[in-house]
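*Asks:* What follows is a predicted protein model with its sequence.
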Amino acid sequence: METGAPIVEFMENPSLNTGNEMRQQHFERVLSLEPFTGLKAILDCLRPNRQALGDAVNKANSYAELLGILGYQIAVVRQIHVQDAFSRMGPAGGIKAVFPYYDIPTQSSFPTLVNFDYTITATPESIVFFNGLLAALKAQLKR
């Protein structure tokens, strides 16, 4: 018989895991999956309370509605010149963050700008794309 340090086993206390905590962990795990990384990057930039973000995703029926719940409005533009947007980053230019999202499967670009005035600048195509991602995220969360 071997002697030495005692073996300590960690046993999870089920009373510590409330339904909300488990739901939030599931939400964070699914949002971190590969198909949703672009959407996650945008949402992370908005810096919402994580519980409020999960609740907003559950409530929202569209990308625009989700952003509205989080306190942002969408400014729709025909196209976004990413290099110009990068040159206007900062309080003076009004742009907080530039997301030059490129979707490899569709070989399409869906740039998004997060502005200091609580607007999101996006093209109609990017709104449609992120509507689809939000729907897929919600479907995945229900599994």
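*Replies:* Now that the structure is in, tell me what you want to look at. Numbering: from 1, shown residues only.
*Asks:* Going by C-alpha atoms from here, please, whenever you check contacts or count neighbours.
*Replies:* Fine.
*Asks:* hey, where'd the helices end up in the protein?
*Replies:* With helices called from DSSP state H, the chain shows them at 19-31, 37-46, 50-59, 63-69, 82-87, 124-141.
*Asks:* can you give me the offset of the fifth one from its chain's centre?
*Replies:* Put plainly, it is helix 82-87. 22 Å (C-alpha atoms, centre = their mean, to the nearest Å).
*Asks:* what does that helix rub up against?
*Replies:* Ile95, Val98, Pro100, Pro111, Leu113 (C-alpha atoms under 8 Å, 6 or more residues apart in numbering).
*Asks:* Swap in 10 Å and give it another go.
*Replies:* By C-alpha atoms under 10 Å, 6 or more residues apart in numbering, the list of residues contacting helix 82-87 from outside reads Arg88, Gly93, Gly94, Ile95, Lys96, Ala97, Val98, Phe99, Pro100, Pro111, Thr112, Leu113.
*Asks:* thought Thr119 was touching Ala97?
*Replies:* No. Using C-alpha atoms under 10 Å, Thr119 is not in contact with Ala97; the gap is 11.2 Å.
*Asks:* okay, and the common contacts of those two?
*Replies:* Joint contacts of Thr119 and Ala97 (C-alpha under 10 Å, 6+ apart) are Leu113.
*Asks:* low pLDDT regions in this protein?
*Replies:* Applying pLDDT under 70 to the chain flags the ranges 1-21.
*Asks:* In it, which residue is most central in space?
*Replies:* Nearest to the mean C-alpha position of the chain, by C-alpha atoms, centre = their mean, lies Lys40 at 2.5 Å.
*Asks:* which residues sit in contact with that one?
*Replies:* Lys40 touches Glu28, Leu31, Ser32, Leu33, Glu34, Leu46, counting by C-alpha under 10 Å, 6+ apart.
*Asks:* I appreciate the help and will end here.
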